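1. using only what follows, build the 3D model:
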Amino acid sequence: MRLAAIAILAVLFMIPGTLAGQSQPARTLTMASALQQKYEEIKRNLRETAEAMPEGDFTYRPTVAIRSFGELFGHVANSQFNNCSIAKAEPNPSSGTDNETKATRVEILKALNDSFAYCDTAYAALTSETAMQMVRQGENQVMRGYALMNNVWHNTEVYGSAATYLRLKGLITRPGADDLSRHR
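-> Numbering: from 1, shown residues only. Modelled structure (predicted):
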């Protein structure tokens with residue numbers, strides 16, 4: 001009887017539109033929509049990571065040669081304001097502010113969230129056409145999409161470092177985040 005039930009469930013999962021095997025409509029993923037999706041994912045990961053660290057550990061520095069946890073997130077804010085101002089082709093609204101020097105968890109989370117709010121509009125305005133437009137990056141001209149891709153890439157690198165800080169403190173960003181068995 002148990003074997004028959006397993007066989008029936010296996011067949012149901014293989015038939016499109018049944019149980020967990022429900023078919024998904026095909027979708028088109030453009031460069032713009034891919035960047036928007038990846039930005040939302042890394043934004044969630046960075047926020048959850050920053051919020052998971054207690055106030056007293058924002059000064060945590062695994063070694064003297066690297067940034068503290070708080071400085072790392074101040075760096076993210078600085079970088080986001082820079083990359084997104086390039087994509088928006090406007091002056092950096094945070095120019096002259098070094099968010100790495102913020103002293104408290106509250107100040108750092110505010111800077112991080114302000115940088116996300118600033119970048120949200122750059123990603124929301126991105127289309128396949130605008131992604132290809134040239135914008136000034138210093139003395140160079142780069143595609144608007146490149147500036148936003150660079151932002152996602154940089155944030156992903158920082159997330160990898162920040163997640164390690166949490167693990168060294170015995171913390172995780174969310175349930176299942178440290179379950180590496182799915183990668184084997």
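2. what about Ala26, neighbour count?
-> Number of residues near Ala26 (other CB atoms under 10 Å) recorded here: 5. Where you see a C-beta, it was placed from the backbone N, CA and C, and this is true even at glycine.
3. contact partners for Thr156?
-> Lys38, Ile42 (CB atoms under 8 Å, 6 or more residues apart in numbering).
4. buried stuff in whichever strand or helix holds it?
-> For Thr156, the element it lies in under DSSP states H and E is helix 144-168. Applying a neighbour-count criterion of 16 or more other CB atoms under 10 Å, one finds 144-152, 154-155, 158-159, 162-163, 165-166 buried in helix 144-168.
5. I'd like the distance between the closest residue to Val152 other than its chain neighbours and Gly70.
-> Leaving aside its sequence neighbours, Val152 sits nearest to Lys38 (CB to CB, 6 or more residues apart in numbering; 4.9 Å). Taking CB to CB, to the nearest Å as the measure, Lys38 falls 25 Å from Gly70.
6. who's more crowded, these two?
-> Neighbour totals were compared for Lys38 and Gly70, and Gly70 leads with 27 against 18 (other CB under 10 Å).
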